[in-house]
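In: here is a sequence with its predicted model. Questions after.
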Amino acid sequence: MTVIDNAIYVDGVRTADPMSLEQTYETLTERGGMAWIGLYRPTAEEMASVGAEFNLHELAIEDAITAHQRPKIERYDHSLFTVLLPARYLDKEEEVEFGELHVFTGKNFVITIRHAETPVVAKVRHRMEHSPELLALGPEAVLYAILDQVVDDYSPVVAGLENDIDEIEDQLFSGNPRVSERIYKLSREVIQFQRALQPLLGITALLHGGFQKFGVDIELQRSLRDVEDHVALLTGRADSFRALLQNALTVDGTLTTNRQNEASAAQNEEIKKISSWAAILFAPSFVAGIYGMNFEIMPELKWAFGYPYALVLMAIVAAVMYVIFKKKKWL
Amino acid sequence: MTVIDNAIYVDGVRTADPMSLEQTYETLTERGGMAWIGLYRPTAEEMASVGAEFNLHELAIEDAITAHQRPKIERYDHSLFTVLLPARYLDKEEEVEFGELHVFTGKNFVITIRHAETPVVAKVRHRMEHSPELLALGPEAVLYAILDQVVDDYSPVVAGLENDIDEIEDQLFSGNPRVSERIYKLSREVIQFQRALQPLLGITALLHGGFQKFGVDIELQRSLRDVEDHVALLTGRADSFRALLQNALTVDGTLTTNRQNEASAAQNEEIKKISSWAAILFAPSFVAGIYGMNFEIMPELKWAFGYPYALVLMAIVAAVMYVIFKKKKWL
Amino acid sequence: MTVIDNAIYVDGVRTADPMSLEQTYETLTERGGMAWIGLYRPTAEEMASVGAEFNLHELAIEDAITAHQRPKIERYDHSLFTVLLPARYLDKEEEVEFGELHVFTGKNFVITIRHAETPVVAKVRHRMEHSPELLALGPEAVLYAILDQVVDDYSPVVAGLENDIDEIEDQLFSGNPRVSERIYKLSREVIQFQRALQPLLGITALLHGGFQKFGVDIELQRSLRDVEDHVALLTGRADSFRALLQNALTVDGTLTTNRQNEASAAQNEEIKKISSWAAILFAPSFVAGIYGMNFEIMPELKWAFGYPYALVLMAIVAAVMYVIFKKKKWL
Amino acid sequence: MTVIDNAIYVDGVRTADPMSLEQTYETLTERGGMAWIGLYRPTAEEMASVGAEFNLHELAIEDAITAHQRPKIERYDHSLFTVLLPARYLDKEEEVEFGELHVFTGKNFVITIRHAETPVVAKVRHRMEHSPELLALGPEAVLYAILDQVVDDYSPVVAGLENDIDEIEDQLFSGNPRVSERIYKLSREVIQFQRALQPLLGITALLHGGFQKFGVDIELQRSLRDVEDHVALLTGRADSFRALLQNALTVDGTLTTNRQNEASAAQNEEIKKISSWAAILFAPSFVAGIYGMNFEIMPELKWAFGYPYALVLMAIVAAVMYVIFKKKKWL
Amino acid sequence: MTVIDNAIYVDGVRTADPMSLEQTYETLTERGGMAWIGLYRPTAEEMASVGAEFNLHELAIEDAITAHQRPKIERYDHSLFTVLLPARYLDKEEEVEFGELHVFTGKNFVITIRHAETPVVAKVRHRMEHSPELLALGPEAVLYAILDQVVDDYSPVVAGLENDIDEIEDQLFSGNPRVSERIYKLSREVIQFQRALQPLLGITALLHGGFQKFGVDIELQRSLRDVEDHVALLTGRADSFRALLQNALTVDGTLTTNRQNEASAAQNEEIKKISSWAAILFAPSFVAGIYGMNFEIMPELKWAFGYPYALVLMAIVAAVMYVIFKKKKWL
Ligand SMILES: [Mg+2]
Ligand SMILES: [Mg+2]
Ligand SMILES: [Mg+2]
Ligand SMILES: [Mg+2]
Ligand SMILES: [Mg+2]
Ligand SMILES: [Mg+2]
Ligand SMILES: [Mg+2]
Ligand SMILES: [Mg+2]
Ligand SMILES: [Mg+2]
Ligand SMILES: [Mg+2]
Ligand SMILES: [Mg+2]
Ligand SMILES: [Mg+2]
Ligand SMILES: [Mg+2]
Ligand SMILES: [Mg+2]
Ligand SMILES: [Mg+2]
Ligand SMILES: [Mg+2]
Ligand SMILES: [Mg+2]
Ligand SMILES: [Mg+2]
Ligand SMILES: [Mg+2]
Ligand SMILES: [Mg+2]
Ligand SMILES: [Mg+2]
Ligand SMILES: [Mg+2]
Ligand SMILES: [Mg+2]
Ligand SMILES: [Mg+2]
Ligand SMILES: [Mg+2]
Ligand SMILES: [Mg+2]
Ligand SMILES: [Mg+2]
Ligand SMILES: [Mg+2]
Ligand SMILES: [Mg+2]
Ligand SMILES: [Mg+2]
Ligand SMILES: [Mg+2]
């Protein structure tokens, strides 16, 4: 069953819970008021049924079945069709997970269609059932409330992204070489999020126009401006994330080369050290080579203390070289 | 023969299949209705013939012969001239292959001209011949249907590009050094695809204006908006591909330097190892040098176990050095 | 207590210092004039109180309690709601520290709300209490004066940023490897500052419209243009900072590689030097090896001065090699 | 002589070839029709003469003498002044060579002034003298024809640039280190070409306005749109060249680092090889060192086959080491 | 003295040279005509004096005292206030040096205020005093002439920048490692210059509007368009400088890595050479080691020519190794 929740509201109060779509249509005709039907991935048949009952436009029905739409709003003769992408931030995976929510609104009905799990609709229905005066304003009020909820739910996404960017900055300057991948992947999420945000101002602009034209409650118009203000704030932050991550990518490249320089300098120091020790070891060996020569007349060879003298000579030669290298800072 | 398909439709039904262009003109005059002539790389003579019959504008005829046009739409006195670039994705070569399709529409005719193989026209003709009510709306409906098909066919292109970008990301972070070329070349394809997409909103805007001015069926107007919506979705995704590939290029540069750092560190380890072994080998050799000296008084030389003692000494010296280097993590 | 300063002004002169908000409302009703209430992080109750008294809009009240708003201006039925972000530059930390200042203005009141420490309101109140003719112009004059002060206070921020960019340039070209982090972090501050600046022209534009519509004093209108001019100047400089720091990041990358080249060249020189000395040391050792051979007939071994001859030979061989390497510039 | 060609056309037919400017003015007054004077780097005197005769504006005359103008169009009381930059591609030098062409058009005259060699004017005059019906449309038709020719001549420039970009891509991925310079220099040419293209749409827009206002032949208006279409196509391609070359610069940097990695890996292999051979050579030398010791009791020294045994031992030690290094893939 | 030049012009002719500002005001009232007062860093008192006399606006006076303004134009009730930044190119330092010039124009006065040395005002006054017919057009003509002069003086700046970019390109491709700093610093100058240019079109647009509204001489309007044209040309070139220097920075990075590759390859060659010579030296030494062994039975030791044989053997071994390394291209 793809009908999640289905109710008739009269003057903002829930007055009926029809068992089927057909029953909904009947009850609505009898009692008047507003129907709010909540669907989850409806079949083509279900969409055909509500479409026929409420005069929904064929192209909008096609979109509602197909899904994978971008955020948009479209005005048809008897209904308004709105697509929103609610989002939440999966902090562990560092991913922005998008839902997809379609809303049809007309004179006396709201149809909400989810194409992915999202708590937005349930939250809004719950909130509005506790504010009958708001719900009594009709379908426009519901549409506004959903839009407001979706945009409010973007705040934790932005906060999560900002938090990860802070972490990235720490990693970046502590020289973590795995940060490149993290920056790249978070950039990708920010780009997707920007694509979800960008059409929203167009949507609120069209709604504004409609609200003014059809004399919708002035307070609802002001609330819409509050949403626009929120969207502008989020857009500004998302844009700055993009710029920051771009800079982070550039800095990451430079810091990587910097680490290379440091490693190279350290390596150089070690080569000097190794060479110094090679020389220190080699020098006594050269002394041994000299006294290994077979000349008949080599006075030292006859000395009583020739052997200890040679050993001491070796030690002195090595010590002198050690001091020289120490002074040249090679050791 | 460059005439691919050639038919007369009355009230949306195919009523004649003329054998030549001349026969088409006659039949159209006799029976009324709409002619739909499908050409493939027509000669200047053929274009002159249809041009004269249907009052096509000389400049549009020139374009239709020359080809290599960008997507555009132009309104002349008796006809509308539209250029579209259908595309398909060659997944193996990772290339977007573009066709080129010119469409003349007038009061009672559609002329479709292909400059490269594309199944778009055949698909649309087939679909419309099965929807006489749509075909009965006349040339505007055909033009809309072609535009819709071209744009629908862009979806698999975008999907193919997205898929390859996913593969590229995997290659990128698994350190494949050949990924630079792949990123660059895919960027080039995305740029070309963006150039094909970019003029489409101008085309639909002009069509919209015309549809409103000439009172074209309201449903056709809405369908056009559906196409616009689709184009906006595709444009957004193509733009994000461009940004992703740009970032991938930057990250690729950094990761390449990172690999350099790792290789350099590994190399450094090996130099230490080699130096250690050199020292370990050299030390016993120094012992041998000492006992190769020719001093007359060297007590060890007279010892009964002098020789084994020297060998053991060599082993000890080597072992001590081995332990030292092991402790310093050079080995 | 979150009420910081609270006064009634009649004809630009401070005439009452009410002890509580309630007293303010009463005095204002009695004497007329303008109330100016200064709050610091007000509670929901306090905001409800002033909101009820002065007919403030619920959404603006919500914003004033929540804080974390971007700079903006919103016109409601009985009040204007303005958000500004005063800033100061922490030179040691190289950070732009933002305050947050909300201003409600109406027919006969100004409410200033601070969400972070900022001296702006106190400075403006002090300045205006010394210019009764300006204060007598009413709430619009106060709003203008606050805006002017906020923008004037941005000047030292820009000066501080510019000064640090100059320092960065010096560090950059003197090869300081820590400059990357500094460039990145200063870029982040500049980006934040740009976000604070960017909405200001929209705010002054809306104020301009209102000033014209409601016939506000022409001199106030001109002063507003002076603020706009100042904002334009600051925006231009901030934009150029962004561009400069971007270039600095790129140059930093190149200079880092350059240092690598220089280090690598120096390392190469040292390897040559080490190799040269190894050869110079080895050569005499080879002479010793020759005269250590045990051939029966080796005339030199019998020479009276064979040993000194060998030592001299060693010295000559070493000297010749030294000269050769010196000539080849390896030493 | 800077007068290149000078003729009077009546009804599109060349009817006089005046010998001097003065004669041109007279003939034009006598016979009516249109004068077309072609100049090459005219002197201030010549410009003063034509300026006085045809009421050319002083500022335009100044420009025509000074040269070094960007493409533009300016409307004065009695004339229209147009500057165009014809171009050709020098394939060998990979440079876009720009001419500079000024055109004055008025009620009954066209003055074409070249500041660098360009075949455009001669081509257009030749073409129009063979289309009297077009030439009969007067100065506007000539101006259109020149604009069309200049834009048509940009096609081979774009083709040449595209061809060199293809070559650059091949060089890039075959690792040619000289490609950086080529990319940079070609970018510079593309930037210059973009600067020449960019003002053209402004020029055609102004011409369009004038053509409509002054009721110029409708076909000339359509031809102008054809030129605009051509300019849009060229602009799109030039823009994509810029993007491609930018990417090529980035990829070039990465591939250069990649080559560094490969070179470094190869170098590492060689250091291992050298070290292995050093060890293989050193080991037998150590055996020799042992049997060079002077212990009185070293049994091997007395063996009949001690010497061959030592040589065999050396060979074995070397072979064992060779096998070890071979197994460790150091050799 | 901050009054540099001070004169009264009647019908474009200099008719009085007042000794003080007060005298200027009197003479102007007596004789009519136009006053042109040239000031250099005026004090607040002097500005107050001219401000009171000519009804200058307080905010403009504040700007004129404070200086450090961006280029702008502001219209007040009785005067127009214009700020311009004349520039000259210091070729040696490769810096664009900016002056700052404020101009007040009203019905019958021009006040020019310099905040840095610039020859612009003197040049314009000299030129205009020789063109009384132009000067007779009044303050607007003077303002135009100053603007024209400032813009004309930008030409040598652009030429100087272009020249240095050419030099930079040569340095870049000849591998000069100091070019990074030069590119960066020249970019900074170009950015500053762009900031000076960018407001100019807004200034001329406002002047244009005023000239049309107040029926200023049509020729002056056209001259203004000539200035706009000049500004557009300069802007286009400055923009391309920015793009070129950006590319130069990128290429510089790549070429730097390229040099690294070449240095690394050269270093590798030297390591091979050194290793080869080490092996060549070591081989004879090994021969000496063998004949230094103390085996009782070593036939060669008894040979009459054993010693020379050993020396020849050493030479042969070394020569064979030399040939091997030569063949392997290590030497
Ligand atoms: Mg993660
Ligand atoms: Mg994702
Ligand atoms: Mg909200
Ligand atoms: Mg809310
Ligand atoms: Mg996190
Ligand atoms: Mg593939
Ligand atoms: Mg392709
Ligand atoms: Mg479609
Ligand atoms: Mg469809
Ligand atoms: Mg694929
Ligand atoms: Mg759709
Ligand atoms: Mg809010
Ligand atoms: Mg700091
Ligand atoms: Mg901060
Ligand atoms: Mg201020
Ligand atoms: Mg001020
Ligand atoms: Mg500082
Ligand atoms: Mg000011
Ligand atoms: Mg070439
Ligand atoms: Mg050139
Ligand atoms: Mg053409
Ligand atoms: Mg043509
Ligand atoms: Mg070529
Ligand atoms: Mg064409
Ligand atoms: Mg210099
Ligand atoms: Mg400077
Ligand atoms: Mg000029
Ligand atoms: Mg001039
Ligand atoms: Mg220079
Ligand atoms: Mg000019
Ligand atoms: Mg490197």
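Out: Great, that's in hand. Residues are numbered from 1 along each chain as shown, chains lettered A, B, ... in the order given. Ligands and ions are numbered 1, 2, ... in the order given.

In: pLDDT at residue A:242, what is it?
Out: For residue A:242, the pLDDT comes out at 90.

In: burial check on it, number of neighbours?
Out: 16 (other C-beta atoms under 10 Å in any protein chain shown). Just so you know, the C-beta spots here come from the backbone N, C-alpha and C atoms, and that holds for glycine as well.

In: again with residue A:93
Out: 10.

In: residue ranges of the strands in chain A, please?
Out: Assigned by DSSP state E, the strands in chain A fall at A:3-10, A:13-16, A:34-40, A:72-75, A:80-84, A:87-90, A:95-98, A:101-105, A:109-114.

In: taking strand A:3-10 as reference, get the angle to the third one.
Out: In this structure, strand A:34-40 runs at an angle of 170 degrees to strand A:3-10, with axes from the mean of the first three to the mean of the last three C-alpha atoms, to 10 degrees as the basis.

In: quick one: strand A:34-40 to strand A:109-114, angle?
Out: 10 degrees.

In: give me the contacts around strand A:34-40.
Out: A:2-10, A:21, A:24-25, A:27-28, A:46, A:50, A:108-114, A:121, A:125, A:138-139, A:142 (C-beta atoms under 8 Å, 6 or more residues apart in numbering or on different chains).

In: OK, contacts around whichever residue of chain A sits closest to ligand 18?
Out: Minimum separation of chain A from ligand 18 (C-beta to the ion) falls at residue A:236, amounting to 27.5 Å. Contacts for residue A:236 (C-beta under 8 Å, 6+ apart) come out as C:70, C:195, C:198.

In: and stretch A:83-102, is it in reach of ligand 11?
Out: No - if you take C-beta under 5 Å from the ion as the test, stretch A:83-102 misses ligand 11, and the best it gets is 9.8 Å.

In: so which bits of chain A are right by ligand 11?
Out: With the criterion set to C-beta under 5 Å from the ion, chain A comes near ligand 11 through residue A:63.

In: surely residue A:211 meets residue A:219?
Out: No - using C-beta atoms under 8 Å, residue A:211 makes no contact with residue A:219, being 10.5 Å away.

In: among those two, which residue is more densely surrounded?
Out: Taking other C-beta under 10 Å, residue A:211 and residue A:219 do not tie; residue A:211 has more neighbours (20 against 14).

In: which members of the contacts of residue A:236 occur in helices, if any?
Out: residue C:195 (DSSP state H).

In: from the contacts of residue A:236, which single one is nearest ligand 10?
Out: Checking the contacts of residue A:236 one by one against ligand 10 (C-beta to the ion), the nearest turns out to be residue C:195, at 39.6 Å.

In: any weak-confidence spans in the stretch 151-300 of chain A?
Out: Within the stretch 151-300 of chain A, no stretch falls below the threshold (pLDDT under 70).

In: among the strands of chain A, which comes closest to residue B:99?
Out: Proximity to residue B:99, assessed across these by C-beta to C-beta, is greatest for strand A:72-75 (28.9 Å).

In: anything in that closest one near chain B?
Out: Yes - residues of strand A:72-75 contacting chain B under C-beta under 8 Å from any C-beta of the partner chain: A:72, A:74.

In: so which elements touch that strand?
Out: Using 3 or more C-beta pairs under 8 Å, 6 or more residues apart in numbering or on different chains; DSSP states H and E, the elements in contact with strand A:72-75 are strand A:80-84, helix A:200-213, helix B:218-290.

In: out of the ones you listed, which is closest to residue A:134?
Out: helix A:200-213 (14.8 Å).

In: next, the angle from that closest one to helix B:218-290.
Out: 160 degrees.

In: mind listing what's buried in helix A:200-213?
Out: A:200, A:203, A:204, A:206, A:207, A:211 (16 or more other C-beta atoms under 10 Å in any protein chain shown).

In: between those, which is nearest residue A:293?
Out: Checking the buried residues of helix A:200-213 against residue A:293 by C-beta to C-beta gives residue A:200 as the nearest, at 92.8 Å.

In: and for the closest one, nearest residue in space, chain neighbours not counted?
Out: Distance criterion C-beta to C-beta, 6 or more residues apart in numbering or on different chains; nearest residue to residue A:200, sequence neighbours excluded, is residue A:231 at 4.8 Å.

In: and the gap between that neighbour and residue D:235?
Out: 34 Å (C-beta to C-beta, to the nearest Å).

In: likewise residue A:151?
Out: Distance of residue A:151 to residue D:235, given as C-beta to C-beta: 39 Å.

In: wait, residue A:3 sits on residue A:21?
Out: Yes - contact criterion C-beta under 8 Å: residue A:3 and residue A:21 qualify, at 6.8 Å.

In: so what's the residue of the stretch 51-200 of chain A at minimum distance from ligand 27 up against?
Out: Residue nearest to ligand 27 within the stretch 51-200 of chain A (C-beta to the ion): residue A:198, separated by 43.5 Å. Counting by C-beta under 8 Å, 6+ apart, residue A:198 touches A:235, B:236.

In: cool, residue A:67 as well?
Out: Here residue A:67 is in contact with A:41, A:100, A:102, A:115 (C-beta under 8 Å, 6+ apart).

In: at 6 Å instead, please
Out: By C-beta atoms under 6 Å, 6 or more residues apart in numbering or on different chains, the residues touching residue A:67 are A:100, A:115.
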